[in-house]
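**Q** Prediction below, plus the sequence it came from.
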Amino acid sequence: MQEGEGRPSQPQSGKPRAGGDITEQELERARHLIRAVREIYHGRVVGQETLYSALVTSLIAEGHVLLESVPGLAKTTAATTLADAISGTFSRIQCTPDLMPSDIVGTQIYSYESSSFSTQLGPVHANVVLLDEINRSSAKTQSAMLEAMQERQTSIGGKIYPLPDPFVVLATQNPIEEEGTYVLPEAQMDRFLMKTVLYYPTPDQEVEILTRTAEGSFGRPSGVNPVSTEDVLFLQEMASNVYVDGAIKSYIVALINTTRGGGPRPIAGLKNQIRVGASPRGGLALRRVAPALALQAGRSYVVPDDVKALRYAVLRHRLVRTYDAMANDVTPETLIDSVFSAVPSP
């Protein structure tokens, strides 16, 4: 199936496909909602298309994003803008070595007046959570946060408190300061749907930043209203109904198996560069991201380009390179490209 061939035909089995449940009216509503979020984002953030794509795709796919960049690249602004665009609540957690799990999830407070405990929910109970410099918190605190991300609930005093829906975490880590940090283990990084690396804006974009700052023209565009959290849940439901052909699923499995040294066309010498390939969670991540991208493109079905579009963000933190690969400065992106080049598209 190639992009541009139109909507895929009904499967030979005669079973109804999920994409058939999406009407043209629903697609048009999804386009309108995504367009509103995009306009609000670009009203406050110049450029940073990679960040925008990661945030919106993760929101629709019900995942979380790990961001790696130097300071000053609008990560906090983007997170607050996303919360405003979906009419959601926002929390920012600054990670420090003395940050405790209770500082994130919440705690019980004893009242001497009533001689009873009351529960105070932590900042993780928000629709959009910015976890700033996650690698500066201790392993115990990292574990508590990742558990909340995975289970989408917290436990305080033996009682379960569900996190709000929708719920997305944007965790950041600074690659230039290693002193006093606790590196995230691969098993914990694997729980992030995507890991996105941000770079400096172009000179033209920096000129626009200076101009708009001087003019005070940053803000929500006039006439554009934020969507609601119910609208986000609608987009998530639509993404779950996007049709994914069996050939696409086989393509994803072949890609993941190729990272492990197998696949339909094994790459010679790849095991000398990749010590541990992507787990089944990597395949699930590609499977979740592709429909979200298809929906953003206004389609009710996935094409191979949807699987390829965010391949670096989905797989770069799931490949464990060998010491030889790191010594020779073989980047994860180079390895990912070799895998996608080796596996033929359906």
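**A** Noted; the coordinates are in hand.

**Q** Only C-alpha atoms from now on, for both contacts and neighbour counts.
**A** Fine.

**Q** residues in contact with stretch 43-62?
**A** Taking contacts as CA atoms under 8 Å, 6 or more residues apart in numbering, the residues outside stretch 43-62 that touch it are 38, 41, 64-65, 74-75, 77-78, 81-82, 166-168, 170, 193-194, 196, 198, 201, 205, 208-209, 218-221, 232, 235-236, 239, 288-289, 291-293, 313.

**Q** try 6 Å
**A** Among residues not part of stretch 43-62, those counted as contacts by CA atoms under 6 Å, 6 or more residues apart in numbering are 64, 218-221, 236, 288, 292.

**Q** Tell me the gap between it and the middle of its chain.
**A** Chain-centre distance of stretch 43-62: 9 Å, with CA atoms, centre = their mean, to the nearest Å.

**Q** got it, and stretch 205-221?
**A** Worked out by CA atoms, centre = their mean, stretch 205-221 lies 27 Å from the chain centre.

**Q** Okay, and which of the contacts of stretch 43-62 map to helices?
**A** Secondary structure of these is defined by DSSP state H; positions in helices are 236, 288, 292.

**Q** who touches the first one in this structure?
**A** Remark: with contacts taken as CA under 6 Å, 6+ apart, Q236 is in contact with I60.

**Q** Per-residue pLDDT of it, please?
**A** Reading off the confidence values, Q236 has pLDDT 95.

**Q** Please tell me how far it sits from L295.
**A** Separation of Q236 from L295 (CA to CA, to the nearest Å): 10 Å.

**Q** next one: the second one
**A** R288 sits 12 Å away from L295, going by CA to CA.

**Q** higher neighbour count, those two?
**A** Neighbours per residue, other CA atoms under 10 Å: of R288 and L295, the larger number sits with L295, 26 against 21.

**Q** what's the helix or strand for that one?
**A** In the assignment (DSSP states H and E), L295 maps to helix 280-296.

**Q** before we move on, what about E230?
**A** With elements delineated by DSSP H and E, E230 resides in helix 229-241, which encompasses its position.

**Q** which of the residues in that helix are buried?
**A** 229, 231-236, 238-241 (16 or more other CA atoms under 10 Å).

**Q** what about that helix, distance to the chain center?
**A** With CA atoms, centre = their mean as the basis, the mean position of helix 229-241 lies at 16 Å from the chain mean.

**Q** got the angle for that helix vs helix 280-296?
**A** What separates the directions of helix 229-241 and helix 280-296 is an angle of 110 degrees, with axes from the mean of the first three to the mean of the last three CA atoms, to 10 degrees.

**Q** From here on, call the first residue 718.
**A** Renumbered: residue one is now 718, and that last one reads helix 946-958.

**Q** Which helix or strand lies directly C-terminal to helix 946-958?
**A** Scanning forward in sequence from helix 946-958, with DSSP H and E defining helices and strands, the next element found is helix 963-976.

**Q** and that following helix, C-alpha only, in PDB?
**A** Output for helix 963-976, consisting of C-alpha atoms alone and laid out as PDB, is shown next (Å, rounded to 0.1, in the frame of the first residue of the first chain):
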ATOM      1  CA  GLY A 963      -2.300  -6.100   8.500                       C
ATOM      2  CA  ALA A 964       0.500  -5.300   6.100                       C
ATOM      3  CA  ILE A 965       1.400  -2.200   8.200                       C
ATOM      4  CA  LYS A 966       1.400  -4.300  11.400                       C
ATOM      5  CA  SER A 967       3.700  -6.800   9.700                       C
ATOM      6  CA  TYR A 968       5.900  -3.900   8.600                       C
ATOM      7  CA  ILE A 969       6.200  -2.700  12.100                       C
ATOM      8  CA  VAL A 970       7.100  -6.100  13.500                       C
ATOM      9  CA  ALA A 971       9.700  -6.600  10.700                       C
ATOM     10  CA  LEU A 972      11.300  -3.200  11.700                       C
ATOM     11  CA  ILE A 973      11.500  -4.100  15.400                       C
ATOM     12  CA  ASN A 974      12.900  -7.500  14.700                       C
ATOM     13  CA  THR A 975      15.500  -6.100  12.400                       C
ATOM     14  CA  THR A 976      16.800  -3.900  15.300                       C
END
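
**Q** what's the angle between the longest helix anywhere in the chain and helix 997-1013?
**A** Ranked by residue count and defined by DSSP H, the top helix of the chain is helix 741-761. Counting by the same axes, to 10 degrees, helix 741-761 lies at 100 degrees to helix 997-1013.

**Q** Now do helix 741-761, average pLDDT.
**A** Per-residue scores along helix 741-761 average to 93.

**Q** And it, what's buried?
**A** Applying a neighbour-count criterion of 16+ other CA under 10 Å, one finds 744, 746-748, 750-751, 753-761 buried in helix 741-761.

**Q** Could you list the low-confidence segments of the stretch 818-967 of the chain?
**A** Scanning the stretch 818-967 of the chain for pLDDT under 70 picks out the ranges 893-899.

**Q** can you map out the strands along it?
**A** 823-828, 833-838, 845-849, 870-873, 876-879, 885-890, 911-914 (DSSP state E, counting those that start in this stretch).
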